[in-house]
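1. Here you go, sequence then predicted model.
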Amino acid sequence: MTNQPMEFIMAGRRHRRRRWLLVTGVLAVLTCALCAAMLLLGNTIYPVQEVLRALSGEQLKGVSFAVNTIRLPRMLAGLLAGFAFGVAGYTFQTMLRNPLANPNVIGITSGSSAAAVFCIVILHSKGAVVSVASVIAGLATVMLIYFLSRGKAFSIGRLILVGIGIQAMLDAVISYLLLLSAQQDVPAALRWLSGSLNGSQMKELPPLVFTVLICAPVVIVLGKQLSILELGEQAATSLGVNADKTRIALIVSSVIMIAIATAITGPIAFVSFLAGPIAKRLVGVGFSNVIPAGLVGVNLVLAADLIGQFAFEYRFPVGVITGLLGAPYLIFLLIRMNRKGEL
């Protein structure tokens, strides 16, 4: 009799682990399928054998250029940026215990975007300069929001409201920069601001590759502590988690990923907002959802890009499609939180 509760707990844990493995595996397979579709589909649909030969370095007329120069950088940019947005969004939502507390809503993305637009249209800079400026601006935005939201005691609601205000201010700065920019720079800047994988180049991807390879494992390793932080400051401390150090490591890693991804692809709307809730709904509770959230982010970006390219008469940037998906969910979430008295 005394072992029954423990057996029940262990059975529940095994069930949750199997569900986590199943969902993560399905998301990984779907990611591979979408990556393959990104390489195979275009104005010309190439056979799998020709695409593999082109990827191996063999020079095939038309195929090598289309696959290695256009489709492969586009696919890798979507893969890496989607994972970065998904992981960072889930981290902020879990750490701050609020689905609205994601980089898009609280102004972090706007800070990186403002710096990137300034570098692009005013300084006419590219590559590493834009990436570094985005990271610095993203971290500065986080510090400003945190400082302004402290008051006598830290409040998640106050942080979100301050973040929304900072976002509105930074969006105004971006609009002002566009007014100052040369006319020929405006279309490129607007296309970048909508969030797009168009024109992705292999030479632009190394900063994003290294950032994801370094920062994502940090968040994954701290996934258990992140789940404990969701219980609150006192509970986390009583369970042996150094809340301040863990929070700093998670924030710095997430902001760097968001900033670099934004510098490469632009602020792809609502990916960081949708990835965490979708992953949590699919996987459930009991295990860290960092990896599933990242995979959901990848699938959202790649699927939206394919839809934007081929589902309509005109081609749309990936950010337009994710915006169409995310805006209704945001409205639904605000209505539900208002009814529960959480706003």
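-> Cool, got the structure. What you are looking at is a predicted structure, and each value in this text was computed from that prediction instead of being measured.
2. Going by C-alpha atoms from here, please, whenever you check contacts or count neighbours.
-> OK.
3. now the closest residue to Leu40 other than its chain neighbours, what's its secondary structure?
-> Leaving out its chain neighbours, the residue that sits closest to Leu40 by C-alpha to C-alpha, 6 or more residues apart in numbering is Tyr46, at 5.6 Å. Here Tyr46 is recorded as coil under DSSP: H, G, I helix; E, B strand; the rest coil.
4. Can you report phi and psi for Tyr46?
-> Main-chain dihedrals, Tyr46, degrees, to the nearest 10: phi -100, psi 150.
5. per-residue pLDDT, it?
-> pLDDT for Tyr46: 86.
6. per-residue pLDDT, Leu239?
-> Looking at Leu239, its pLDDT stands at 74.
7. Could you give the number of residues near it?
-> 11 (other C-alpha atoms under 10 Å).
8. ditto for Arg191
-> Arg191 has 17 neighbours, counted by other C-alpha under 10 Å.
9. Name the next helix or strand downstream of the helix or strand where it lies, please.
-> Assessed by DSSP states H and E, Arg191 sits inside helix 186-193. For helix 186-193, the following helix or strand on the C-terminal side (DSSP H and E) is helix 206-221.
10. that older thread, mind listing residues that contact the helix holding Arg191?
-> Outside of helix 186-193, the residues that reach it under the criterion C-alpha atoms under 8 Å, 6 or more residues apart in numbering are Ser113, Val117, Ile120, Val121, Leu178, Thr265, Gly266, Pro267, Pro317.
11. Apply 7 Å and report the result again.
-> Here helix 186-193 makes contact (C-alpha atoms under 7 Å, 6 or more residues apart in numbering) with Val117, Leu178, Thr265, Gly266, Pro267.
12. picking that back up, pretty sure the residue nearest to Leu40 sits against Leu39.
-> No - between Tyr46 and Leu39 there is no contact, the gap being 8.6 Å when judged by C-alpha atoms under 7 Å.
13. what about these two, which has more around it?
-> More neighbours surround Leu39 than the other of Tyr46 and Leu39, with 23 against 16 (other C-alpha under 10 Å).
14. quick one: contacts for the more buried one?
-> Contacts of Leu39 by C-alpha under 7 Å, 6+ apart are Val67, Arg71, Leu72.
15. Was I right to think the second one contacts Leu40?
-> No - taking C-alpha under 7 Å as the definition, Arg71 is not a contact partner of Leu40, at 8.3 Å.
16. Which residue of these two possesses the greater neighbour count?
-> A count of neighbours by other C-alpha under 10 Å puts Arg71 above the other of Arg71 and Leu40, at 25 against 21.
17. Next, that one: phi, psi?
-> Torsion angles, degrees, to the nearest 10, at Arg71: phi -80, psi -40.
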